[in-house]
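> Just to be clear, the model below is a prediction. Sequence and coordinates:
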Amino acid sequence: MAKFQFSTESNGDVTVVYLQSPRLDESHAGELAYELNKTAEKEFQPKILINMKDVTYISSAIIGKLAAFQKKMNQDKGTLKFCSVSSAVMKVFQVTRMDKIFTIYGDAVGAMNAFRAGKGK
């Protein structure tokens, strides 16, 4: 089992979460949920961008955690966006219809511009 790897950085009022593990599976689900919730609790009405440029595989358990986090962000009046999603992960999002739930941008620049413009709440 590969160790869950991620990092965060602030970009103005947006917290960028970099998921750096190529494979996100059941063994990472608990830690992913913990880290995302911890990040969101630092801000009132948080703005979070999840950068998935390094992720090539995602399991249903991870999708469940991301969906639960999206729901929490909505309840907290926060904004969650995704960017740099690989074609393999995008196919999983499409099959599970999460592409209709998540706000997804092709790259970080597009997502940050949308945050600045107030789009996609």
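Sure, I can see it.
> list the contacts for the residue most central in space within the chain?
For the chain, the residue nearest the mean C-alpha position is residue 50 (3.4 Å; Cα atoms, centre = their mean). Residue 50 sits next to 17, 19, 36, 66, 80, 81, 82, 83 when contact means Cβ atoms under 8 Å, 6 or more residues apart in numbering. C-beta: built from backbone N, CA, C; applies to glycine.
> List the beta-bridge partners for it.
residue 17, residue 82 (DSSP bridges).
> Residue 102 reaches residue 94, doesn't it?
No: taking Cβ atoms under 8 Å as the definition, residue 102 is not a contact partner of residue 94, at 10.8 Å.
> more crowded one of these two?
Higher neighbour count among residue 102 and residue 94: residue 102, with 18 against 11, using other Cβ atoms under 10 Å.
> pLDDT at the more buried one, what is it?
Looking at residue 102, its pLDDT stands at 97.
> what's the answer for the one 4 residues further on, then?
Looking at residue 106, its pLDDT is 97.
> all helices for this protein, in order.
26-40, 60-75, 87-95, 108-117 (DSSP state H).
> what does the longest one rub up against?
Same thing as helix 60-75. 24-26, 28-29, 32-33, 36-37, 40, 46, 48, 50, 78-80, 92-93, 96, 98, 101-102.
> just to revisit the earlier point, okay if I get the helices of the chain as a markdown table plus distance to residue 12?
Output for these, formatted as a markdown table (distance: least, Cβ to Cβ, whole Å):
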| stretch | distance to residue 12 |
| --- | --- |
| helix 26-40 | 15 |
| helix 60-75 | 18 |
| helix 87-95 | 26 |
| helix 108-117 | 8 |
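> So for residue 93, what's the nearest residue that isn't a sequence neighbour?
Leaving aside its chain neighbours, residue 93 sits nearest to residue 99 (4.4 Å; criterion: Cβ to Cβ, 6 or more residues apart in numbering).
> Could you do residue 101 as well?
residue 70 (6.1 Å).
> Return the distance of that neighbour relative to residue 117.
Distance, residue 70 to residue 117, by Cβ to Cβ, to the nearest Å: 20 Å.
> Counting neighbours around each, name which of these two comes out higher.
residue 70 (18 against 8).
> that older thread, buried ones only from the contacts of helix 60-75, please, as a ChimeraX command.
In ChimeraX, a selection of the buried entries from the contacts of helix 60-75 looks like this (16 or more other Cβ atoms under 10 Å):
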select :24,25,28,29,32,33,36,40,46,48,50,78,79,80,92,93,98,102
